[in-house]
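In: Give me the fold of what follows.
(2 chains)
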Amino acid sequence: MRTIRFILRKEFLQIFRNKAMLPIIFIIPLIQLIILANAVTFEIKNITFNVIDFDQSSYSRELISKFTASNYFTFNRSSFSVENSQEDFRTNDSKLIIVIPKNFEKDFIKTGNSKVQLLIRAEDGNAAVIIQNYSTNIIRQFNIGIIPEWQGANTWKTPPMIDITYSNWFNPQLNYKTYMVPGILVLLVTTVGMFLTGMNITREKEMGTIEQINVTPIKKYQFIIGKLIPFWIISLFELAFGLLVAKIIFDIPILGSIFLIFFVASIYLFVVLGIGLFISTITETQQQSMFIAWFCMIVFLLMGGIFTPIESMPSWAQTIAFFNPVAHFNKAMRMIMLKGSDLSDIHQTIYFLLIYATVILSLSVWRYRKVS
Amino acid sequence: MSTDSIIIKAEDLTKRFGKFTAVDSISFEVKKGEIFGFLGANGAGKTTAIKMLCGLWKPTTGKANVAGFDVYKQTEQIKKTVGYMSQKFSLYDDLTVKENVSFYGGVYGLSNNSIKEKSEYLIKKLEIEKEKDELIKSLPLGWKQKLAFSVAVLHDPLLVFLDEPTGGVDPITRRQFWNMIYESASNGVTIFVTTHYMDEAEYCDRVSMMVDGKIAALDTPRNLKNRFNVKSMHDVFVKLARPDYVPNPIPSNQITTL
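Out: Residues are numbered from 1 along each chain as shown, chains lettered A, B, ... in the order given. Okay, here's the model as predicted:
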């Protein structure tokens, strides 16, 4: 116990003497939260569109004005040739071309059936689907608006219609930040925990001080506890700071218990620090350790469900994601913060993280040999 | 020679890395309280031998006993009993003199009082009163080495291994360093020192010469010089390590004077 205390004191002295440490602890979370939370969004605004209106009728003009009036669309230009208009696809000036054929209004009144063509730039499939949804919505609104007007003149029959009402649970305003911030907090503690631990031990290898440590009677477990506890505390502090910033700046809802967040995080951090420790046992220099930690981070984060839903990955990728600790912690964080889930809702995540932490820590204790 | 006056006993100690044999079946004994010089050219296997004797590396074959403990099974006991100063400077650069002393004192299990006493004594002896709260990295190399030695003997080990402790240090500081070694030896600490400064070999009670992983000679400096009929340890070394070497026309006493 006394030995561990001496190691801890030495670690904390060194950590806080490192000039990069305070910025890492305070500036990184601020920048990540403020920039990423605002930047990472799937919402698409200012969709530039071209119009090819062969009909030039009051209905066609009305439809176009619906688009123009929407917050999501911005009118680019009008022309009478598809080829000409498509030039803007190549130059990125336009994302959508609305083609209104001749007799649009006439067909509508006569047969009740009319066609509009939407040409969508679909390099980004996701964005294309969103543009399509927005457009269909506007056209549907337009449709609902003119049916009574047209029917009033021709018939007294009202067509049967199902009225759909929406209620968005847990994020009623569909605010993207509400969804992203818990994920960014996950990213934050993972980065800090894994990189700092990994680099700390390899630094002792580079300096040669590890050799001196290895000839002292320090036990393996004492050394490892002494190395892990400081970064465990720093990462938890980082999470607290991040939550505070998220609450103050973004007013992120925290429906569940703060205590539960920290309980899950404290187990999760043992997994992350264990991975960092394991990396340091298989590398010799800080550079190597950085590189491997970076590689793991990319895989963990991109397959962690923070940016893209795990449910939409192919099933083999979902199997891999099951072994990704980030995915589990991210899920738990969103459940607790946004839905107020309690311990019984996330108990499986906790078991998983406990097993993961035990495995990875035993693995790195076994790999770490007290030899130079 | 009774067995309890022997602190290191190595028999056919061997270390191989793949096909390369770094230490090739060496056998020797070190007596309690002596200054034992472990000499050899760069790459002769000195550091490897030391690492096996400190319990850092397991030997490939052979036997060795350090302070009564077996180098295969009782490495933790060896670590409590010996001190070690590696070739690479190994105090913490970003800690102060006092913090380093307190850390190493603590991990060797010294009491708080004893740590305090020893660090005060050490600071006084090394005349670094003014620098005691400065980071190690701001100190000159010679001071660092003297400090590293003091830290290596902080826990009063029976035996201390010094792996090229004076590499890159100026002659005056080397002289002071050797005075510290003598002082420790006079307190009964056995000193096991490697060096490639041949003038330092003259300060040892006995020296062994390692050539290509083997011990080529082991005796007192005087006996070695008599045996090879030369005036200095430098010439002994050259004769052993480079048998085909053509003697230098410059008188050897001028070469060794630093």
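In: And the average pLDDT for stretch A:358-366 is what?
Out: Across stretch A:358-366, pLDDT averages out at 90.
In: now the strands: where do they sit in the stretch 51-200 of chain A?
Out: A:73-78, A:96-100, A:117-120 (DSSP state E, counting those that start in this stretch).
In: Looking at the stretch 101-250 of chain B, what residue ends up closest to chain A?
Out: In the stretch 101-250 of chain B, the residue that lies nearest chain A is residue B:106 (3.2 Å; C-beta to the nearest C-beta). C-beta: built from backbone N, CA, C; applies to glycine.
In: tell me the contacts of that residue?
Out: Residues in contact with residue B:106, defined by C-beta atoms under 8 Å, 6 or more residues apart in numbering or on different chains, are A:2, A:3, A:5, A:6, B:115.
In: Over to residue B:208?
Out: With C-beta under 8 Å, 6+ apart, residue B:208 has these contacts: B:28, B:36, B:37, B:38, B:39, B:215, B:217, B:218.
In: Type out the ChimeraX command that picks the buried ones from those residues.
Out: Applied in ChimeraX, the following selects the buried portion of the contacts of residue B:208 according to 16 or more other C-beta atoms under 10 Å in any protein chain shown:
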select /B:28,36,37,38,39,215,217,218
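In: Dump the contacts of residue B:208 into JSON lines; add pLDDT as well.
Out: Formatted as JSON lines, those follow (pLDDT from 0 to 100):
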{"residue": "B:28", "pLDDT": "93"}
{"residue": "B:36", "pLDDT": "95"}
{"residue": "B:37", "pLDDT": "93"}
{"residue": "B:38", "pLDDT": "92"}
{"residue": "B:39", "pLDDT": "89"}
{"residue": "B:215", "pLDDT": "89"}
{"residue": "B:217", "pLDDT": "88"}
{"residue": "B:218", "pLDDT": "91"}
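In: so of the contacts of residue B:208, which ones are in strands?
Out: Counted as lying in strands by DSSP state E, out of these, are B:28, B:36, B:37, B:38, B:39, B:215, B:217, B:218.
In: Enumerate every residue touching the fifth one.
Out: Under the criterion of C-beta under 8 Å, 6+ apart, the contact list for residue B:39 reads B:46, B:194, B:195, B:196, B:198, B:201, B:207, B:208, B:209, B:210, B:233, B:237.
In: Which two of those have the greatest separation?
Out: Greatest spatial distance among those (C-beta to C-beta): B:46 and B:233, at 15.5 Å.
In: Specify the residue ranges that define each domain of chain A.
Out: A:2-40+A:175-367, A:47-154 (automatic domain parsing).
In: Now the weakest link among the ones you listed, please, by mean pLDDT.
Out: domain A:47-154 (a mean of 87).
In: Tell me, how many residues neighbour residue B:116?
Out: Residue B:116: 15 surrounding residues under other C-beta atoms under 10 Å in any protein chain shown.
In: State whether it is indeed within a helix.
Out: Yes. Assessed with DSSP: H, G, I helix; E, B strand; the rest coil, residue B:116 lies in a helix.
In: Phi and psi next, for residue B:164.
Out: phi 40, psi 60 (degrees, to the nearest 10).
In: same deal with residue B:96?
Out: According to degrees, to the nearest 10, residue B:96 has phi -80, psi 170.
In: Tally up the residues packed near the residue nearest to residue B:53 when sequence neighbours are not counted, please.
Out: Leaving out its chain neighbours, the residue that sits closest to residue B:53 by C-beta to C-beta, 6 or more residues apart in numbering or on different chains is residue B:66, at 5.5 Å. Neighbour count of residue B:66, defined by other C-beta under 10 Å: 26.
In: cool, the one 3 residues further on as well?
Out: By other C-beta under 10 Å, 19 other residues sit near residue B:69.
In: ditto for the one 3 residues further on
Out: Residue B:72 has 13 neighbours, counted by other C-beta under 10 Å.
In: give the contact list for it.
Out: By C-beta under 8 Å, 6+ apart, the neighbours of residue B:72 are B:58, B:59.
In: doesn't residue B:211 make contact with residue B:41?
Out: Yes. The criterion here is C-beta atoms under 8 Å, and residue B:41 meets it with residue B:211 at 7.3 Å.
In: Would you mind grabbing the residues shared as contacts by those two?
Out: With C-beta under 8 Å, 6+ apart as the test, residue B:41 and residue B:211 both reach residue B:241.
In: Name the SS class of the closest residue to residue B:38 other than its chain neighbours, please.
Out: Leaving out its chain neighbours, the residue that sits closest to residue B:38 by C-beta to C-beta, 6+ apart is residue B:194, at 4.4 Å. Here residue B:194 is strand, with the state taken from three-state DSSP.
In: Comparing residue B:41 and residue B:211, which shows the higher neighbour count?
Out: residue B:211 (19 against 16).
In: Phi first, then psi, for the nearest residue to that one once chain neighbours are set aside.
Out: Among residues not flanking residue B:211 along the chain, residue B:241 sits closest, at 5.3 Å (C-beta to C-beta, 6+ apart). Backbone torsions for residue B:241, taken as degrees, to the nearest 10, come to phi -80, psi -30.
In: show me the contacts for residue B:241.
Out: B:40, B:41, B:44, B:209, B:211, B:216.
In: what's the burial count for the third one?
Out: Looking back up the chat, that one is residue B:44. 24.
In: same thing with the last one?
Out: For residue B:216, the neighbour count with other C-beta under 10 Å is 18.
In: Do I have it right that it meets residue B:224?
Out: No. Using C-beta under 8 Å, residue B:216 is not in contact with residue B:224; the gap is 10.4 Å.
In: what's the overlap in contacts for those two?
Out: Common neighbours of residue B:216 and residue B:224 (C-beta under 8 Å, 6+ apart) are residue B:209.
In: Could you list every helix and strand in contact with the longest helix along chain A?
Out: Longest helix in chain A, counting residues (DSSP state H): helix A:176-207. Judged by 3 or more C-beta pairs under 8 Å, 6 or more residues apart in numbering or on different chains; DSSP states H and E, helix A:176-207 is in contact with helix A:21-31, helix A:37-39, helix A:209-214, helix A:220-245, helix A:258-282, helix A:286-302, helix A:325-334.
In: just the CA coordinates of stretch A:260-277, formatted as CSV?
Out: Extracted in CSV, the C-alpha atoms of stretch A:260-277 (Å, rounded to 0.1, in the frame of the first residue of the first chain):
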residue,chain,number,x,y,z
LEU,A,260,-25.1,6.0,-12.6
ILE,A,261,-23.2,7.8,-15.4
PHE,A,262,-20.1,7.9,-13.3
PHE,A,263,-20.6,4.3,-12.2
VAL,A,264,-20.7,3.0,-15.8
ALA,A,265,-17.9,5.4,-16.8
SER,A,266,-15.6,4.2,-14.0
ILE,A,267,-15.9,0.6,-15.1
TYR,A,268,-15.6,1.6,-18.8
LEU,A,269,-12.4,3.5,-18.0
PHE,A,270,-10.8,0.4,-16.7
VAL,A,271,-11.4,-1.2,-20.1
VAL,A,272,-9.9,1.9,-21.9
LEU,A,273,-6.9,2.2,-19.6
GLY,A,274,-6.4,-1.5,-19.8
ILE,A,275,-6.2,-1.2,-23.6
GLY,A,276,-3.8,1.7,-23.3
LEU,A,277,-1.7,-0.3,-20.9
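In: mind listing what's buried in it?
Out: For stretch A:260-277, by 16+ other C-beta under 10 Å, it's A:260-261, A:263-277.
In: ok, now which ones touch residue 118?
Out: Assuming you mean chain A. Residue A:118 neighbours (C-beta under 8 Å, 6+ apart): A:96, A:97, A:98, A:99, A:132, A:135.
In: um, chain B though
Out: Counted by C-beta under 8 Å, 6+ apart, residue B:118 has contacts B:101, B:105, B:110, B:154.
In: 7 Å instead, please
Out: B:101, B:105, B:154 (C-beta atoms under 7 Å, 6 or more residues apart in numbering or on different chains).
In: ok, it to residue A:217 distance?
Out: Distance, residue B:118 to residue A:217, by C-beta to C-beta, to the nearest Å: 17 Å.
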